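Let me see the structure of the following:
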Amino acid sequence: MADRLMLLDTASLYFRAFYGVPDSLKRADGTPVNAVRGLLDMIARLVTEFEPKHLVACWDDDWRPHWRVELIPSYKAHRVETVVPAGPDVEEVPDPLEAQIPMIRETLGLAGIPIVGVAAHEADDVIGTLATTATMPVDVVSGDRDLFQLVDDDRGVRVIYTARGMNRLELVTNEWVVAKYGIEASQYADFATLRGDSSDGLPGVAGIGEKTAAGLLGDFGSLDAMLAVASGDADAAEAAPATMSASMRAKLTGAHDYLAVAPTVVNVVRDLDLPSAEELGARLAPVTGARRETLEDLAGEWNLGGAVPRLLAAFDRVGSGE
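Below you'll find the predicted structure:
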């Protein structure tokens, strides 16, 4: 097997597990365990199917960084439970899921999966940095479309897209992005900026939807190029392969304030100060010794069913190179 790094958008996966696995699954004290069981089964399946040699659980140390909110105050505002001026805002998370997050972290640690987060940054930024600096092909596992901007066929960076469920995983390459949206993966951040995303509180540019955004990027190549034309830059207009209508110029200039800051919010950070996957100890290996015993004990104590044996079997096979 060739070396491949798998980066988990952990919150995206445990939210999906929580809503996809019955909440009737509980440990003896009544604490639900559906998200824990579901996440472990997801990881076991991903490792079995895609056979990564390195695995990292990327974490939201700050799911709504203030530096992004300062630029666009509506960013994820609809998901805030409590605003915390001096630290990360409290996200609205169902209590039965909140109770499982410490268990998720403990089981991931026992499995030997490094959990990596960075203060004032989202998991997307950790993923962006590790994917950009990796010296091997990368699989990003997420249900978040924003991470399509990382797809790079030349470097072997692809997204395993989970939005349609684990039985309908989609392998996102540049060809997939072109077929789906009519743009190159490298244009996806500009595309998302123009289109907006109500799930993240990004308004986009009024009057520009997916088709129009794709058409503009096809005509002008980038957001910067089309804004130069819209601003009346004669040289940019002359160099552009297409003309821009007066109504479109009005839409873009009317959204000037938004477009001046939105790219910083939409683009994932790619240059955080992070160790490499190798330095993180991310190489996938069989779980042995006391960690294995503890994990097997917790499988019974926490009513994790067959999820732990399936995870251990996947790690045994792929981690030993069988």
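
For the stretch 1-150 of the chain, which segments are assigned as strands?
5-9, 54-58, 80-82, 90-91, 115-116, 138-142 (DSSP state E, counting those that start in this stretch).

Tabulate the ones you listed in JSON lines, adding columns for mean neighbour count.
Glycine gets a C-beta too; all of them are placed from N, C-alpha and C. Formatted as JSON lines, the strands of the stretch 1-150 of the chain follow (neighbours: other C-beta atoms under 10 Å):
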{"stretch": "strand 5-9", "mean neighbour count": "28"}
{"stretch": "strand 54-58", "mean neighbour count": "26"}
{"stretch": "strand 80-82", "mean neighbour count": "12"}
{"stretch": "strand 90-91", "mean neighbour count": "16"}
{"stretch": "strand 115-116", "mean neighbour count": "20"}
{"stretch": "strand 138-142", "mean neighbour count": "25"}
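
Same list (those) but as TSV, adding distance to Thr193 and mean pLDDT.
Output for these, formatted as TSV (distance: least, C-beta to C-beta, whole Å; pLDDT from 0 to 100):
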stretch	distance to Thr193	mean pLDDT
strand 5-9	20	98
strand 54-58	23	98
strand 80-82	22	91
strand 90-91	23	90
strand 115-116	27	98
strand 138-142	19	98
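
Tabulate these in CSV, adding columns for distance to Leu150.
Shown next, in CSV, are the strands of the stretch 1-150 of the chain (distance: least, C-beta to C-beta, whole Å):
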stretch, distance to Leu150
strand 5-9, 9
strand 54-58, 12
strand 80-82, 26
strand 90-91, 23
strand 115-116, 16
strand 138-142, 6
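
What number of residues are in the vicinity of the residue nearest to Ala213 when sequence neighbours are not counted?
Among residues not flanking Ala213 along the chain, Leu194 sits closest, at 4.0 Å (C-beta to C-beta, 6 or more residues apart in numbering). Leu194: 25 surrounding residues under other C-beta atoms under 10 Å.

same deal with Asp89?
20.

In contact with it, which residues?
By C-beta atoms under 8 Å, 6 or more residues apart in numbering, Asp89 lies in contact with 63-64, 69, 80-83.

cool, Cys58 as well?
7-10, 116-117, 123, 126-127, 130.

Distance check, the residue nearest to Arg291 when sequence neighbours are not counted against Ile104.
In this structure, Arg291 finds its nearest non-sequential neighbour in Leu110, 4.9 Å apart by C-beta to C-beta, 6+ apart. Plainly put, Leu110 is 11 Å away from Ile104 if you go by C-beta to C-beta, to the nearest Å.
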